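1. just to be clear, the model below is a prediction. Sequence and coordinates:
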Amino acid sequence: MAMRSLEPAPRTAWPVQVARGALVAAAGLATWLPVKPAWAGQVWGVNPTDPIAPILAQARPGDTVLIEGMHGESVRVPAGITLEGGPGAGIEYPTEPVVQVRGRGVHLRGLVIMTTASTGSVGAIDVPVGTATFIGCSVRGGAIGVSVEGRARATLAACMLTGQSGFGVELSGQSQTLVANCRVRPSAVQRARHDGPEIGIEATRNAAATLESDDILGTLGAAVQFAGKARGAVIGSHLHDGLDGISLWGMAAPELTHNTIVGNLGDGISYHDRSAGRAEGNRCEHDRSGIVVADAASPVLVDNVCQADRDLAISDWRDPASASLPVPTPAFSAAPGSFAGGARGH
């Protein structure tokens, strides 16, 4: 192993500080996402021919590990460590997880994370415990791009997820996650064979998820799916050219505000089971149906614009015997106590 990769770089690493600031600004989070100064800990360098794991074993909380080139290994990142990549730097491994977070205060910045796995229950990046932020990272391949589980907390900002077969991002347990300014896309290979991720971002069980200003394209199922008792919000996101926009199942009740849901083969927003929550100011255009309410769902719909959809602007498929609120008539109008504020139709 080259000795220079095991010796810490000088503490005053100005280029590292500049790179961090640029990534945070690109994520649109500079005003509220804390960034630890570059001189808070040691800075370790990893050249393309050296493994990362031995350096992680020596690093201490507050240290930064700078990675150059692509590395073929799976790593566990301990508490308080920052992994930061130079141009085109990253980690590739044939099975998931490629990177696993093992404590609080873990940060990944500007890294490419790749896997050829097509099946698996955890992500190429897996957060089963602790807290983590991922800024400006690219996750390519895998059954799941990023998984956040248990009571873990995570922030994804300005990240790209491509080529997943199952989920771009999967949030479960009692995890709490912010996904902001991220994109989920099929890979070039998937597009060529009319394939793509099954779900863009899913929150299930008791997860709390805030999705803001995300762009999700070309999913085989829903761009965003909430299930179980998941809660949170989808705000100002662009969900387009897939099967469905937002699907709600179980007792999920997120807030859906000011999203643009366009060109999906199925439904713009669909409520199933006993799902609920408020949908306000969303625009559904050129989907099969703008908003569908089924089973015993009880959403509040306010000032949503649904136009040029192939069926109805709002379709009510609920069972009157099981629904907890009155069924509006006609299907796209407002009923007192039910679809407050209504929605503009075709």
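-> That came in fine, so what should we check first?
2. contact partners for the closest residue to residue 86 other than its chain neighbours?
-> In space, residue 86 comes closest to residue 68 once its chain neighbours are excluded; the distance is 5.0 Å by C-beta to C-beta, 6 or more residues apart in numbering. C-beta coordinates here come from the backbone N, C-alpha and C atoms, glycine included. Contact analysis of residue 68 by C-beta atoms under 8 Å, 6 or more residues apart in numbering lists 45-48, 85-86, 89.
3. any weak-confidence spans in the stretch 51-200 of the chain?
-> Residues of the stretch 51-200 of the chain meeting the criterion pLDDT under 70: none.
4. check contacts around the residue nearest to residue 85 when sequence neighbours are not counted.
-> Closest residue in space to residue 85, ignoring its immediate chain neighbours: residue 111 at 4.0 Å, by C-beta to C-beta, 6+ apart. By C-beta under 8 Å, 6+ apart, residue 111 lies in contact with 67, 83-85, 89-91, 137-138.
5. how far away is residue 111 from residue 139?
-> Separation of residue 111 from residue 139 (C-beta to C-beta, to the nearest Å) stands at 9 Å.
6. pretty sure residue 316 contacts residue 293?
-> Yes. Taking C-beta atoms under 8 Å as the definition, residue 316 is a contact partner of residue 293 at 5.1 Å.
7. out of those two, which sits in the busier spot?
-> Taking other C-beta atoms under 10 Å, residue 316 and residue 293 do not tie; residue 293 has more neighbours (27 against 23).
8. and the strand or helix carrying that one, how far from the chain's centre?
-> Assigned by DSSP states H and E, residue 293 belongs to strand 289-295. On the basis of C-alpha atoms, centre = their mean, to the nearest Å, strand 289-295 sits 24 Å off its chain's mean C-alpha point.
9. beyond that strand, next helix or strand please.
-> Using DSSP H and E, the helix or strand that follows strand 289-295 in sequence is strand 300-307.
10. what angle sits between that next one and strand 289-295?
-> 140 degrees (axes from the mean of the first three to the mean of the last three C-alpha atoms, to 10 degrees).
11. show me where the stretch 101-250 of the chain has its helices.
-> Shown for the stretch 101-250 of the chain, the helices assigned by DSSP state H, counting those that start in this stretch span residues 188-192.
12. about what we covered before: what mean pLDDT does the strand holding residue 293 get?
-> Per-residue pLDDT over strand 289-295 has a mean of 93.
13. so what are the sheet partners of that strand and their directions?
-> strand 267-271 (parallel), strand 314-318 (parallel) (DSSP bridges).
14. between those, which gets nearest to residue 204?
-> Between residue 204 and these, the shortest gap by C-beta to C-beta is with strand 267-271, which sits at 15.9 Å.
15. which parts of the closest one are buried?
-> 267-271 (16 or more other C-beta atoms under 10 Å).
16. how about residues contacting it?
-> 244-248, 256, 261, 279, 282, 284-285, 287-295, 297, 299, 304, 306, 309.
17. residue 68 and residue 75, how far apart?
-> Between residue 68 and residue 75 the computed distance is 15 Å (C-beta to C-beta).
18. actually residue 130, sorry about that
-> Taking C-beta to C-beta as the measure, residue 130 falls 15 Å from residue 75.
19. that older thread, of the contacts of residue 68, which is the most crowded?
-> In terms of neighbour count, residue 46 stands highest of the contacts of residue 68 at 27 neighbours, by other C-beta under 10 Å.
20. what's near enough to touch the residue nearest to residue 277 when sequence neighbours are not counted?
-> Distances taken as C-beta to C-beta, 6+ apart place residue 253 nearest to residue 277, at 3.9 Å, with adjacent residues excluded. Counting by C-beta under 8 Å, 6+ apart, residue 253 makes contact with 231, 275-277.
21. buried stuff in stretch 76-93?
-> By 16+ other C-beta under 10 Å, the buried positions in stretch 76-93 come out as 77-86, 89-93.
22. which of the residues you listed fall within strands?
-> Judged by DSSP state E, the subset of those located in strands is 77, 82-85, 90-92.
23. could you work out the most separated pair of those residues?
-> 82 and 92, at 19.9 Å, using C-beta to C-beta across these.
24. distance of residue 97 from residue 144?
-> Distance of residue 97 to residue 144, given as C-beta to C-beta: 9 Å.
25. with neighbour numbers in mind, choose between these two.
-> For residue 97 versus residue 144, the count of surrounding residues by other C-beta under 10 Å is larger for residue 144: 30 against 25.
26. distance of the residue nearest to the more buried one when sequence neighbours are not counted relative to residue 115?
-> Once flanking residues are discounted, residue 144 sits nearest to residue 123: 4.0 Å by C-beta to C-beta, 6+ apart. Going from residue 123 to residue 115 by C-beta to C-beta gives 9 Å.
27. how about residue 160?
-> According to C-beta to C-beta, residue 160 and residue 115 sit 15 Å apart.
28. of these two, who's got more company?
-> Neighbour count, other C-beta under 10 Å: between residue 160 and residue 115, residue 115 has more, with 28 against 17.
29. skipping adjacent residues, who's closest to residue 205 in space?
-> Excluding the flanking residues, the one nearest residue 205 by C-beta to C-beta, 6+ apart is residue 228, at 4.5 Å.
30. show me what contacts the one you found?
-> Residues near residue 228 by C-beta under 8 Å, 6+ apart: 204-207, 249-252.
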